[in-house]
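Trainee: This is a predicted model, with the sequence first.
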Amino acid sequence: MTSTDLTLLLPRSRLYQLARDWLAEDAPGLDIAGWAACNGVPQSQEAILLCKSSGVLAGSPFFQAVCEEAGCSVKWEHHDGEWLEPVTRVATVQGQLTNLLLAERPALNVLSRVSGVATLARKVTEHARQLGWPGKVTGTRKTTPGFRLPEKYGLLVGGAGTHRYGTGDLVMLKDNHIWAMGGVQEALRSVRSVAGHTMKVEVECRSVEEALEAAESGADIIMLDNFTPESLHRAALMVKTTYPSMVVEASGGVTPQNVQLFLGPYVDVVSMGCLTQGYPNIDFSLKLAKGIQTLACSI
């Protein structure tokens, strides 16, 4: 388990709203298969949550919210942040059979995906630390529509930063903003007039000249976007030489395979869209205890 309980970050009302939405999407009408399965079967049942592939467990609050919204209870044997190897018994879910069957797929969907984000984030951040880089690996806003909160949570469990959650917690001037407003200085002047003293401003820069202009014009963070590793480190050095307190972020084209090329003494943050775009799912299954016992007896 992570040293800090990150589950406390999640607003309960939002958790259960998401759970209701996922259940409604998966079962918008009659559950004929569930009805048929319950005929002649005792309604109170136990199901075992199993992890069948290696990875970081993450997303238990979302899994539990789905189960509870469906009328089931969950007893956990492992906690978010733990590395699991197959086959691990993770939790026991109890409830009416109809409810267990309704909760199964939405609950597994969210758990497998959030655990996938955390697993990829863990691998990349540990790799960066092993290389002695003191900066921060973060995600981006390149998240699955409607699934940002779970994916951002997965980043944190995996040890990565979330970057900004949305457009309101950091002002980021991207290329289209700058083009629309007539240049870096004009764009910064415009946003500073309404951003207030508590809001930081980041500028996406495509050249060292643009980066220096943004720094001179009052940016708080400089993003060096889509630079080659060689040009990135030269540009970061130039920015830091003149503005040593400036936060320099590298972004664009960074993957788990080449991330080490973007780490350097003048780069503070490396942001990676692939952490919430190309993550693998971790394989979980939810099996009725009765079914597992039957299977074991037949082997």
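Mentor: Everything's here; your move.
Trainee: give me the number of residues near C274?
Mentor: Counted with other CB atoms under 10 Å, the neighbours of C274 add up to 18. From N, CA and C alone the C-beta is placed, and that goes for glycine too.
Trainee: hey, where'd the helices end up in the chain?
Mentor: Secondary structure of the chain (DSSP state H): helices at 12-26, 32-38, 60-69, 97-130, 148-158, 175-181, 184-195, 208-216, 229-242, 289-298.
Trainee: Next, the angle helix 148-158 makes with the first one.
Mentor: Compare the direction of helix 12-26 with that of helix 148-158 by axes from the mean of the first three to the mean of the last three CA atoms, to 10 degrees and you get 120 degrees.
Trainee: Out of the helices of the chain, which gets nearest to Q45?
Mentor: Among the helices of the chain, the nearest to Q45 by CB to CB is helix 97-130 (4.7 Å).
Trainee: Please identify the buried residues of the closest one?
Mentor: By neighbour count with 16 or more other CB atoms under 10 Å, helix 97-130 contains the buried residues 97-104, 106-122, 124-125, 128.
Trainee: With stretch 256-272 instead?
Mentor: Buried residues in stretch 256-272 (16+ other CB under 10 Å): 256, 259, 261-264, 266-272.
Trainee: and what of stretch 39-49?
Mentor: Residues of stretch 39-49 classed as buried by neighbour count (16+ other CB under 10 Å): 45, 47-49.
Trainee: Check the offset of it from the chain's centre.
Mentor: Using CA atoms, centre = their mean, to the nearest Å, the distance from the centre of stretch 39-49 to the centre of the chain it belongs to is 33 Å.
Trainee: Mind telling me which of the helices of the chain the model trusts least?
Mentor: Within the helices of the chain, confidence is poorest for helix 289-298, with a mean of 63 (mean pLDDT).
Trainee: Would you map out the domains in this structure?
Mentor: Following automatic domain parsing, the chain resolves into domains at 6-124+280-298, 131-276.
Trainee: Tell me the span between the first and last residue of the last one.
Mentor: This stretch, domain 131-276, spans 23 Å end to end (CA to CA, to the nearest Å).
Trainee: Grab the nearest non-local neighbour of F262.
Mentor: Distances taken as CB to CB, 6 or more residues apart in numbering place A250 nearest to F262, at 4.7 Å, with adjacent residues excluded.
Trainee: For L263, see how far away that neighbour is.
Mentor: Separation of A250 from L263 (CB to CB, to the nearest Å) stands at 8 Å.
Trainee: Quickly list what's touching both of those two.
Mentor: Between them, A250 and L263 share these contacting residues under CB atoms under 8 Å, 6 or more residues apart in numbering: V270.
Trainee: Near D5, how many other residues are there?
Mentor: D5: 11 neighbours (other CB under 10 Å).
Trainee: And it, how close does it get to E77?
Mentor: From D5 over to E77 the distance is 17 Å, taken as CB to CB.
Trainee: Repeat that for W133.
Mentor: Distance of W133 to E77, given as CB to CB: 35 Å.
Trainee: do the same with A103
Mentor: Separation of A103 from E77 (CB to CB): 18 Å.
Trainee: Also Q260?
Mentor: Per CB to CB, Q260 is found 36 Å from E77.
Trainee: for Q94, same thing?
Mentor: From Q94 to E77 the distance is 14 Å (CB to CB).
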